[in-house]
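Engineer: Just the structure for this:
(chains A, B, C, D, E and F)
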Protein chains: 6
Amino acid sequence: MRPSGRMPDQMRPITIEPNFTRHAEGSVLIGFGDTKVLVTASVEERVPPFLRGKGEGWVTAEYGMLPRATHTRGSREAAKGKQSGRTQEIQRLIGRSLRAVCDLKALGERQITIDCDVIQADGGTRTAAISGAWVALRMAVNKLMAEGKLTSDPIRHKVAAVSCGIHQGAPVLDLDYIEDSNADADANFVLIENGHIAEVQATAEHATYDEEALLRLLRLARMGCTEIFAAQDRAIRA
Amino acid sequence: MRPSGRMPDQMRPITIEPNFTRHAEGSVLIGFGDTKVLVTASVEERVPPFLRGKGEGWVTAEYGMLPRATHTRGSREAAKGKQSGRTQEIQRLIGRSLRAVCDLKALGERQITIDCDVIQADGGTRTAAISGAWVALRMAVNKLMAEGKLTSDPIRHKVAAVSCGIHQGAPVLDLDYIEDSNADADANFVLIENGHIAEVQATAEHATYDEEALLRLLRLARMGCTEIFAAQDRAIRA
Amino acid sequence: MRPSGRMPDQMRPITIEPNFTRHAEGSVLIGFGDTKVLVTASVEERVPPFLRGKGEGWVTAEYGMLPRATHTRGSREAAKGKQSGRTQEIQRLIGRSLRAVCDLKALGERQITIDCDVIQADGGTRTAAISGAWVALRMAVNKLMAEGKLTSDPIRHKVAAVSCGIHQGAPVLDLDYIEDSNADADANFVLIENGHIAEVQATAEHATYDEEALLRLLRLARMGCTEIFAAQDRAIRA
Amino acid sequence: MRPSGRMPDQMRPITIEPNFTRHAEGSVLIGFGDTKVLVTASVEERVPPFLRGKGEGWVTAEYGMLPRATHTRGSREAAKGKQSGRTQEIQRLIGRSLRAVCDLKALGERQITIDCDVIQADGGTRTAAISGAWVALRMAVNKLMAEGKLTSDPIRHKVAAVSCGIHQGAPVLDLDYIEDSNADADANFVLIENGHIAEVQATAEHATYDEEALLRLLRLARMGCTEIFAAQDRAIRA
Amino acid sequence: MRPSGRMPDQMRPITIEPNFTRHAEGSVLIGFGDTKVLVTASVEERVPPFLRGKGEGWVTAEYGMLPRATHTRGSREAAKGKQSGRTQEIQRLIGRSLRAVCDLKALGERQITIDCDVIQADGGTRTAAISGAWVALRMAVNKLMAEGKLTSDPIRHKVAAVSCGIHQGAPVLDLDYIEDSNADADANFVLIENGHIAEVQATAEHATYDEEALLRLLRLARMGCTEIFAAQDRAIRA
Amino acid sequence: MRPSGRMPDQMRPITIEPNFTRHAEGSVLIGFGDTKVLVTASVEERVPPFLRGKGEGWVTAEYGMLPRATHTRGSREAAKGKQSGRTQEIQRLIGRSLRAVCDLKALGERQITIDCDVIQADGGTRTAAISGAWVALRMAVNKLMAEGKLTSDPIRHKVAAVSCGIHQGAPVLDLDYIEDSNADADANFVLIENGHIAEVQATAEHATYDEEALLRLLRLARMGCTEIFAAQDRAIRA
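Structural biologist: All right, here's what the predicted structure looks like:
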């Protein structure tokens, strides 16, 4: 029995509120249950130094957590003067996940920066961020296409992410904070709509796991991402 | 004529959504028109080193702006590794404004940290932050009182803030971004409900101003704060 | 009765020693009683990135306090690796105050940087800094004019600053350290010789204040600045 | 055909030179072909603040790359003043991998810090680091046991790591730099001698991958780790 | 012929103005010609962590250069967020030089921090700083002795420093900026009044030098320090 | 009697292993007894900003100490976010010492960066670093000459360095850690093969020293450097 009373393969309610803020080219507030992440996509007509003059674009991400998104207040990274290893790890993952479904040549020499700021945290902030980031990116690219700035669509696939884990011996989908903090193992899957995988990060926390467990977690992740893909569709069509 | 079509003494719609997030002891999303600031109040049972053992509490504030809260994306302070002078100036002002209405002895040896994070910016973010901060602080103190942790109410007064300015020669209330960026002078007033003043910061931008103008701006600020005090009341009672 | 025995509207002796150091284009040691600030003006034939190619100049300021300028030694900001919020707030104020009386187009594409370093502190360091900064700036501009590098004078007015406050219930002019550390309210006024105001920063410390008090402090500030303008004149003519 | 002429399931020569330096409680120079990492284990009789008084120990890791370990010189992180996201990601992975096989209660209130410094890089530095780290840790723990400071062995299993990837369409074991820089997908596996998994990080680089590919990479990793476990044994027995 | 017209063994005028500022326990403005350094000695009744409980004191130094002490403005270290290698090298030298003549046990568990801030630079700032630092330290220790806080004098000797160099083939004493910037070799000597040496730092700049040259520079330094010792005496007796 | 049993004028065994790593243009592992420093020379076809367009090259150095090179683990400078004063002092000394024997015009507009990383420390790391740096530089320059990129040899002389000190009243050569940590005085000499001096840094640690002692230390250093020059020759010829 899960603390939340959910079934092992049951996602929390997925909510995606498009256009949550008005300045960004793409913007959503995504919720996986009580986890809420504000995601914006910002288009800039320039690329980082290593890409200048190559006729290619770039998609990158930054991640932050508001100090009181969590149960007890954490310190503000801007005040401490540096981003934690965890923050950097997450924002690198988000950027990689999006680039895995983009044709950067088709984007042209421009950069899209995805900002993922966690307003409220209850487990799974990085996977909610990736799933919302795709929607914000889609909105920003749609805007570029509507403005005639792109001749072909640089987004090749839909991408979504979800966490799974072994909790009290059982594989479960979409861990919330209580489950996450005492899971035996914890895995984040970034999946493509066509069944392919963009990234697997599966970590032993209190116990190592076997191949069978890895595959069962992957199967749960596929179920979760199917729901997320549907929610992404609805948000884009809204 | 103001760019927004407002009358010179007309505030933008004030919205205060209490309990916008669930972990903090106090939390509101305050809006002055399109300016939206998420404010949380966090209670911690400890005080900064300079107050240890003195039987007094502390109220302090931190301020941040999400990178794409603005028309064009700004860089993330956590990534740059330092808070700008502007950020530090604003968070010091917010903390001072709240302490001006608090009896820190009555608070006991605990600290309340107010986090003000700008979700969307359209001028007046610091005054919206102060006005929302009071509500979050009130909620957190009410919670402490309900838990029997305080014997008397440490909040002595209501405090609110609004910006005024000289725009195209005319004094106007509650500048939005367009007005703010080409105002001749720009003033932030932090006012107490009993008519007293906690802080005046009045700055010549494109033109210096005279005593008469300062007084007219103060009068406008009093009108604006009257509306904000009413909105604070409604939010607390909600 | 003031701790120093001064009358409520009595400034401390104002001393301005021009050419205190020899390399800078303008240099003074200004004293408001025991507060001593070394101010230099440095001309550089370049502007910050945001002004390049616009045919305009820039005037900016930096502020520092020697570690033992104060009663007990403070830590050195260079050793700590960052400037405090207070330092940044003050240097931004100094720069704004000078720009309020300058025609930056008339200055041409060059930058004048004002360095204000407090040698000895006894209250009012920022107002002494602003008052001395104007003299150093005037000297540097005079030098540029004498060299034929400017066709018209970019300085339109004289500017000076002084602090006032409510001390033991009474409005007093030019607070020294003892008064400053237990004032009820504390205000810094940056005034133009023609009677106009460049900046008011009036802060409740131990008690909020009313409009009447604000006006009485402004009146004292006008008296103080009249004396400072005269001292500036003498220093320039020396 | 692989650039190095190796078979798809062929590791580079594994060399582990124990006691490469003399001060550390454990020390090895591990080589996976031309990748050379100096690993030391340092025992300290204290734990980080979050563990004080809990009767538990801690195992943690730091990672660095000498500036000219690589084909072209990279900048020194100490000179830049911060560790890159990549560095932090890797050192967190090394620490987690070791803790997955340790009983921290059995270690007692002491910390073992593993320093992994890459002397020469040719792909797979993080997996060589983990594999060498286990040996250095084993040596340091053996020393503690010989000194009678531990009543039971805190190391429960052997752990090793290897990278695999899809290179020109084929799954290959132990990528060198040339393969790594144009692999379609790249995976790091941290495996336990009993067949369990401590961590999988499998990332799409130029192409996403499917479940079948993931499993084939895992199979290769098991082959590679079998060789590494044998080399670890030889090094410990030496 | 030296640019200044001085004889090879001629010091610039040495001026030492005691009590230049009033808060510090010791304070002088020392000048070697146009080089002017403000030196303060601050007594604190605490020692750094590595000395706690050992019954010994500590003498340390910090050094800074005002941005416009030099011919062209340098950037402010506090604004850059770090002290240069040169600054750290100099402040370490000043501290070592003073500790070479102190009995730290006799000082008791207290720290004296010497702050050396260069107001105006014309070569030899570090040697002027050391020479002035001894006077400020002497004043602070005299104060401690007068207050009965010390039972014996912790200062065992007088120490002074001077720079010498090979300029246009000739050994010269007390280099000014013009000589310093094109000297073949440049040496700083820290000498004790009894003829002993506390530190020699002799560096080839444009040409290496031989043993004979080193000895001739040392001889010049002895002559210079004799004058400085006399000036220190006068300052203390003043 | 020295702790190691060496004679006063006896160096520890000098080992120089060329080509210790393979990517750098020059690379050695130098040992003075148990002190081991990995030195690489990296050629880059660019110069620092202050030399651009001047037709001159630059030789510079960076120094680091692996955290567990020492008896007890030190903290990693990259993790602390800054290089210590000691580190900066040493790397500046290494760079100066090499430039003292180079004709930077003959090097052309390119930079050679010497990285000195201490693998194991037992006193004298900076002098071993300088002595090894010359070999790495020589190898890199030989490579440039073999490639026809240089028309004349920019290295004019051989340079080496050694530490000497007064230990228990006696002058000794090549201090190891035990001697270094309780020497009365400690001197580093950087010597040129032709008998000239590039740098002397002679510091009183527990006792000041006289001219006679300085000369005896210099004589020991000459003996030590003669051995190092021979070892450098052998390494280059290897």
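Engineer: so where is chain A shaky, pLDDT-wise?
Structural biologist: Along chain A, the model assigns pLDDT under 70 to no residue.
Engineer: In chain A, what residue comes closest to chain C?
Structural biologist: Per C-beta to the nearest C-beta, residue A:81 is where chain A lies closest to chain C, at 7.4 Å. Using the backbone N, CA and C atoms, a C-beta is placed for each residue, glycine as well.
Engineer: And that residue, how close does it get to residue F:25?
Structural biologist: As judged by C-beta to C-beta, to the nearest Å, residue A:81 and residue F:25 stand 37 Å apart.
Engineer: In terms of neighbours, single out the busier of those two.
Structural biologist: When neighbours are counted by other C-beta atoms under 10 Å in any protein chain shown, residue F:25 comes out ahead of the other of residue A:81 and residue F:25, with 20 against 17.
Engineer: Spatially nearest residue to the more buried one, not counting backbone neighbours?
Structural biologist: residue F:140 (3.8 Å; C-beta to C-beta, 6 or more residues apart in numbering or on different chains).
Engineer: Just the C-alpha atoms of the helix or strand hosting that neighbour, please, in PDB.
Structural biologist: Using DSSP states H and E, residue F:140 maps to helix F:125-146. What follows is helix F:125-146, C-alpha atoms only, in PDB (Å, rounded to 0.1, in the frame of the first residue of the first chain):
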ATOM      1  CA  THR F 125      57.600  21.100  -3.900                       C
ATOM      2  CA  ARG F 126      58.100  24.600  -5.500                       C
ATOM      3  CA  THR F 127      61.800  24.000  -6.200                       C
ATOM      4  CA  ALA F 128      61.100  20.500  -7.700                       C
ATOM      5  CA  ALA F 129      58.400  22.100  -9.700                       C
ATOM      6  CA  ILE F 130      60.700  24.800 -11.200                       C
ATOM      7  CA  SER F 131      63.400  22.300 -11.900                       C
ATOM      8  CA  GLY F 132      61.000  19.900 -13.700                       C
ATOM      9  CA  ALA F 133      59.300  22.800 -15.400                       C
ATOM     10  CA  TRP F 134      62.400  23.700 -17.200                       C
ATOM     11  CA  VAL F 135      62.600  20.200 -18.700                       C
ATOM     12  CA  ALA F 136      59.000  20.200 -19.700                       C
ATOM     13  CA  LEU F 137      59.500  23.600 -21.300                       C
ATOM     14  CA  ARG F 138      62.600  22.400 -23.100                       C
ATOM     15  CA  MET F 139      60.700  19.400 -24.500                       C
ATOM     16  CA  ALA F 140      57.800  21.600 -25.700                       C
ATOM     17  CA  VAL F 141      60.200  24.100 -27.300                       C
ATOM     18  CA  ASN F 142      62.200  21.200 -29.000                       C
ATOM     19  CA  LYS F 143      58.900  20.000 -30.500                       C
ATOM     20  CA  LEU F 144      58.100  23.500 -31.800                       C
ATOM     21  CA  MET F 145      61.700  23.700 -33.300                       C
ATOM     22  CA  ALA F 146      61.400  20.200 -34.800                       C
END
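Engineer: Just the buried residues of it, please?
Structural biologist: Buried residues in helix F:125-146, counted by 16 or more other C-beta atoms under 10 Å in any protein chain shown: F:125-142, F:144.
Engineer: Find the nearest non-adjacent residue to the residue nearest the centre of chain A, please.
Structural biologist: By C-alpha atoms, centre = their mean, the mean C-alpha position of chain A lies nearest to residue A:130, the distance being 1.2 Å. Excluding its sequence neighbours, the residue lying closest to residue A:130 (C-beta to C-beta, 6+ apart) is residue A:161, at 3.9 Å.
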